[in-house]
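>>> pasting the structure only:
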């Protein structure tokens, strides 16, 4: 049968008695009674099966076994002090790491502004970032490789296996060339673009931002494929088609395209969430970053 683990505070008592050569002096330093210190040393001796101190008329002296144990007890103390300092730093956000992920259009404004605010407040936290769609973020969260991911619902993928923290609901715009007949409209219906070719990331519109439009009965004519947001804008500016632009990316649209807001009844809105691993306690850094994400999201949609 394996021996029971010895409480770490017994080693602290042992080190203090060895350092001061007296149960009484150690008790005064530790804030214990002399009898409590004596009992704890006796408990440690019983666990190791040997006397650790010779009891002298005035004070105590380490036995050979006590001298052998002392450096190990000191090492335990050093490790515990280092652990305490590291945990204190994590709690105070004076260290540690934060692993975040986000889909591409969140990188236009939401994530950069949040990162800038977080770095200004907590520069000692090491932040790493992963880019990819919501499905990838959810997989990384489930695998324990991310602390927080920014995910969205517009592509019809269920957001499962994580804790969801609502950030905002994005409206959608249609990006058209500057000279397009609808470029100056204050709003439009999806039906107004029935004759247009749509530029999207996939030939399967149900896997793109068009998923919400399909649910409303709209059947887009699919044109060129472009996964990159900059490429989509370039195709639109060249007159090769139109594309959906989520609200988070609207502020970074190039000058030679126009964004036409879709009417509320037609707009395939995207729900945007911060996702964290289900069943895991968030770190102080994750909690602080989530609070800043919510604040920045509120500013962007004000």
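Noted; the coordinates are in hand. Being a predicted model, the structure only gives us computed values, none of them experimental. Numbers count the residues shown, from 1 in each chain.
>>> Tell me which stretches of this protein form helices.
All helices of the chain, identified by DSSP state H, fall at 8-20, 23-30, 34-48, 64-92, 110-121, 134-142, 211-215, 229-237, 247-250, 284-300.
>>> Rebuild those as CSV, extending it with mean pLDDT.
As requested, these are exported to CSV (pLDDT from 0 to 100):
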stretch, mean pLDDT
helix 8-20, 87
helix 23-30, 92
helix 34-48, 92
helix 64-92, 81
helix 110-121, 93
helix 134-142, 89
helix 211-215, 73
helix 229-237, 92
helix 247-250, 86
helix 284-300, 92
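>>> State the distance from residue 171 to residue 262.
Distance of residue 171 to residue 262, given as CB to CB, to the nearest Å: 7 Å. Just so you know, the C-beta spots here come from the backbone N, C-alpha and C atoms, and that holds for glycine as well.
>>> Can you pick out the residue with more neighbours from these two?
When residue 171 and residue 262 are compared for neighbours, residue 262 comes out ahead with 23 against 18, by other CB atoms under 10 Å.
>>> still on that earlier bit, and of the helices of the chain, who's closest to residue 256?
helix 229-237 (4.6 Å; CB to CB).
>>> If you count contacts, what does the closest one end up packed against?
Applying 3 or more CB pairs under 8 Å, 6 or more residues apart in numbering; DSSP states H and E, one finds that helix 229-237 contacts strand 172-177, strand 197-200, strand 243-246, strand 257-261.
>>> Just the buried residues of it, please?
229, 232-237 (16 or more other CB atoms under 10 Å).
>>> For it, which outside residues touch it?
104-105, 108, 175-178, 199, 224, 226, 241-243, 249, 253-254, 256-257 (CB atoms under 8 Å, 6 or more residues apart in numbering).
>>> Which single one of the buried residues of helix 229-237 is nearest to residue 127?
residue 229 (22.5 Å).
>>> ok, and for stretch 95-115, which residues are buried?
For stretch 95-115, burial by neighbour count (16+ other CB under 10 Å) applies to 95-96, 98-111, 113-115.
>>> Would you mind measuring the gap between the ends of that stretch?
One end of stretch 95-115 sits 16 Å from the other (CA to CA, to the nearest Å).
>>> Can you give the distance from it to the centre of its chain?
9 Å (CA atoms, centre = their mean, to the nearest Å).
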